[in-house]
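In: 3D, please:
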Amino acid sequence: MSLLPVFLKLDRRPCLIIGAGSVALQKIPALLNAEAEVRVIAPRVHPEIAALAAAGRITLQERGYRPDDLDGLFLVIAATNDSAVNTAIYEEALRRNLLCNAVDDPPNCDFYFGSIVTRGDLQIAISTAGESPAFAQKLRKEIDAQLPEDLGPWLHTIGEQRGEILEAYEPGEDRKLLLHQLAQRPTCEAAACPAQKLALRARHAGASR
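Out: Next comes the predicted model:
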C-alpha cells in the first residue's frame, strides 16, 4: 500500500495517547514539538510522563480507556501493552474517521512516525511503512552524520533572503533564477562532512606511505 508523505501542523490540535509507559513516552516529544495539545490516559503512568503533567506540558488522566475518549480528537495513539485494547482503539478511530497509530502494530495504523533528521526548520523523514523501523533508524544515523550542523541557521538566513527577493521581484524567470541561485550550497562540505573528512584522511595516509 502506498503512503502519502506529509508534514502535519498540529498547533492547538487535540491529540490523545492511550497508554503511559516507555513507548508512549517516546511519542510525546514529537507531539509537543509540533505544539499539539497532548492528553494521556492510562491507569499506570511512567514517572517522566507524570512529571510532564505536573509541569503543565500535557494533560493526564489516570484511568482506563473508554470509547468516548476519542470525542473531538485530531489523532490518537494507541500505546497500551494490551493488543486487544489497541485494536479496539483503532476500530473506534476508524469508525469516527480519526487518524490512529497503534504502536508496533502496522495493520492498525493510519500513519507512522518517521525517523527524523533535523537541522533547524529542515526535517528529513524516513519511513519503511512499518516494515523495518530499525533500518529507518540506521538510515537516519547515516544521514545525520553527513549533514553539517549549521544547515539550520543557513536555511533560516536564505528564508529571510527569499522573502526579500519575493518582495522585490515580480513573478517570472528572473525571480525563479535568483531563488534557485540562493539555494545553491553543497549539502556536505569538506570542513563539516564526516565522510569527506575520512576520505581526505585516507588519501593523506596513502600519500605518506
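
In: got a pLDDT number for Arg175?
Out: With respect to pLDDT, Arg175 scores 87.

In: wait, is it part of a helix?
Out: Yes. Remark: Arg175 belongs to a helix, assigned using DSSP: H, G, I helix; E, B strand; the rest coil.

In: pLDDT below threshold where in this protein?
Out: 1, 186-209 (pLDDT under 70).

In: strands along that one, start to end?
Out: Taking DSSP state E to define them, one finds strands in the chain at 14-18, 37-41, 59-61, 75-78, 99-102, 115-119, 122-126.

In: need those strands in TSV with distance to Ala50 and mean neighbour count, can you?
Out: Yep, even glycine has a C-beta here, placed from its N, CA and C like the rest. TSV is the format used below for those (distance: least, C-beta to C-beta, whole Å; neighbours: other C-beta atoms under 10 Å):
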stretch	distance to Ala50	mean neighbour count
strand 14-18	14	24
strand 37-41	9	22
strand 59-61	7	16
strand 75-78	18	26
strand 99-102	22	22
strand 115-119	26	17
strand 122-126	29	14
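
In: okay, those strands in CSV with distance to Pro67 next?
Out: Shown next, in CSV, are the strands of the chain (distance: least, C-beta to C-beta, whole Å):
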stretch, distance to Pro67
strand 14-18, 11
strand 37-41, 12
strand 59-61, 15
strand 75-78, 11
strand 99-102, 13
strand 115-119, 32
strand 122-126, 31
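
In: which of the ones you listed sits closest to Ala134?
Out: Checking the strands of the chain against Ala134 by C-beta to C-beta gives strand 115-119 as the closest, at 9.6 Å.

In: mind checking how far the closest one is from the chain centre?
Out: How far strand 115-119 lies from its chain's middle: 7 Å, per C-alpha atoms, centre = their mean, to the nearest Å.
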